[in-house]
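Asks: have a look; sequence and predicted model below, questions after that.
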Amino acid sequence: MRIGGLAELSGLSTQAIRYYESIDLLPEPDRTPAGYRDYAVDAVQRLRFIRDAQASGLTLAEVQALLSMKDSGIATCAHTQSFLDRHIAEIDLQIERLQDARAEMSDLLERARRLDPATCTDPNRCQVIDPS
């Protein structure tokens, strides 16, 4: 199958397919006598896996590691779990940082509501942010 058909069936652009091929996520296909790429049917499933793994938060390096293992006949469940565990920990940390930032902004907003704008006369600072 040609790249346009593969793009349509996989839900990816031809540019993405060429990129995945260039970084060895997708094996280089055979070529027709005219030089066109001729992809096997199983390329659709592989590209859908790449797309879905990325949508799940895995990096291309992680996807590459999983596909290399699959290509070697190695089970990947434990590796997938470790990748997901790490990503969840990173998300939890990010949530914690965002909650801290929100609390700080809420404090600033409360200070801003208590201040009289008429007393804001310093041209070099904002008394909401710098109360000194």
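Replies: Structure received. Numbering: from 1, shown residues only.
Asks: what about stretch 62-79, distance to the chain center?
Replies: Its chain's C-alpha centre and that of stretch 62-79 lie 19 Å apart, by CA atoms, centre = their mean, to the nearest Å.
Asks: what's in contact with it?
Replies: For stretch 62-79, the external contacting residues (CB atoms under 8 Å, 6 or more residues apart in numbering) are 23-25, 46, 49-50, 53-54, 58, 80, 83. Every C-beta, even on glycine, is put in place using the N, C-alpha and C of the backbone.
Asks: now with 7 Å?
Replies: For stretch 62-79, the surrounding residues in contact (CB atoms under 7 Å, 6 or more residues apart in numbering) are 25, 50, 53-54, 80, 83.
Asks: by neighbours, which of the residues you listed wins?
Replies: Within those, I50 tops the neighbour count with 23 neighbours, counted by other CB atoms under 10 Å.
Asks: quick one: R111 and V128 touch, right?
Replies: Yes: R111 is within contact range of V128, at 5.5 Å (criterion: CB atoms under 7 Å).
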